[in-house]
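Peer 1: predicted model and sequence below, questions to follow.
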Amino acid sequence: MGRGLGRCPTGAQAGWGLRIDIGQPAQAVRHVLLDTDAGTARGLIGTITEPTTCVKAFLPQSEMEPWFSSAWQPTEPCFLMAADLRPSRVDAPDGYTTTVETADGVTHVRVLGAGGEPAACGRTGLAGTACVFDQIVTEPAHRRLGLGTVVMAALTGAAVDSGATTGVLGATVQGRALYEALGWKVLSPLNGYVYAPAAR
C-alpha cells in the first residue's frame, strides 16, 4: 500500500478495523477502518496525537473529509484491488537478480542491479488463504524495465506455494495500471488522511 524500503509493518485487529505499525518517517502508524460508521471513525480520530499517523477507509474522500480537522492532510488517492492468484514465470532482465525470503509469514522479494544496488522490491503477508501485497517499489533509475512485474510474479509464486488463493492490495493511481495489466480488479476506493499538526 505504501512505498519505500522500510521494515515490515506489524498489525493488530481492533474493534473498528486494523492498526498497522509502519515505522517510517512519513507514516508511523496506519489505521484501516473496516467499520465505516462516522461515529466510530470520529471516536478513533479523536484519540490520535502522534504525528504522521494515517487513517484509511474504503470510501470516497468526499465522505471522509468531514471526519477530520485542519490538522489532517489527505493522502494520495488509492484503490483496493484483488486477484485470484495464479503462478506465472517472469525472468528478470539481463544484469538483474531476484531474491525471495520468507520469515514469520512475511515474504520479501528484492531485485538487485548489476552492482548489487536495490532496483525493486515488494512484500506480502498471509492472512489465511488471502495474501496482502505491500510496498511494491521500483527505484527511479530502474523504472520502465518491467521490474514491477518481476516482483509481482515472484511474490505471487511464493504466495501460491504457501496456500494463498486470493491477493489484495492498495494501489495508487499510477500503480493501478500495472496491476490491471496483471489481471487485478478494482473493488473500491481506498482513501486516507495523515495527522500533520505542524502543517496547519
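Peer 2: All right, it came through fine. Source: prediction; values computed, not measured.
Peer 1: ok, residue 192 - contacts?
Peer 2: Going by Cβ atoms under 8 Å, 6 or more residues apart in numbering, residue 192 touches 30, 54, 55, 56, 57, 64, 74, 75, 78. Where you see a C-beta, it was placed from the backbone N, CA and C, and this is true even at glycine.
Peer 1: adding pLDDT as columns, could you present these in CSV?
Peer 2: Shown next, in CSV, are those (pLDDT from 0 to 100):
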residue, pLDDT
30, 87
54, 94
55, 95
56, 94
57, 94
64, 95
74, 96
75, 94
78, 93
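Peer 1: need those residues in a markdown table with neighbour count, secondary structure and distance to residue 99, can you?
Peer 2: Shown next, in a markdown table, are those (neighbours: other Cβ atoms under 10 Å; DSSP: H, G, I helix; E, B strand; the rest coil; distance: Cβ to Cβ, whole Å):
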| residue | neighbour count | secondary structure | distance to residue 99 |
| --- | --- | --- | --- |
| 30 | 24 | strand | 26 |
| 54 | 23 | strand | 29 |
| 55 | 25 | strand | 34 |
| 56 | 23 | strand | 30 |
| 57 | 24 | strand | 35 |
| 64 | 23 | helix | 38 |
| 74 | 13 | strand | 36 |
| 75 | 21 | coil | 30 |
| 78 | 21 | strand | 27 |
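Peer 1: of all those, which comes closest to residue 103?
Peer 2: Nearest to residue 103 among those: residue 30, at 21.6 Å, using Cβ to Cβ.
Peer 1: test my guess that the closest one contacts residue 17.
Peer 2: No: look at residue 30 against residue 17 with Cβ atoms under 8 Å: they stay out of range, at 10.2 Å.
Peer 1: output the longest helix anywhere in the chain as CSV, restricted to C-alpha atoms.
Peer 2: Looking across the chain with DSSP state H, the single longest helix is helix 147-161. C-alpha atoms of helix 147-161 as CSV (Å, rounded to 0.1, in the frame of the first residue of the first chain):
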residue,chain,number,x,y,z
LEU,A,147,10.8,-4.9,-12.7
GLY,A,148,7.5,-4.3,-11.1
THR,A,149,6.1,-7.3,-13.0
VAL,A,150,9.1,-9.4,-11.9
VAL,A,151,8.4,-8.5,-8.2
MET,A,152,4.7,-9.3,-8.5
ALA,A,153,5.4,-12.6,-10.2
ALA,A,154,7.9,-13.7,-7.6
LEU,A,155,5.6,-12.7,-4.7
THR,A,156,2.6,-14.4,-6.4
GLY,A,157,4.6,-17.6,-6.8
ALA,A,158,5.6,-17.6,-3.1
ALA,A,159,2.0,-16.8,-2.0
VAL,A,160,0.6,-19.7,-4.0
ASP,A,161,3.3,-22.1,-2.7
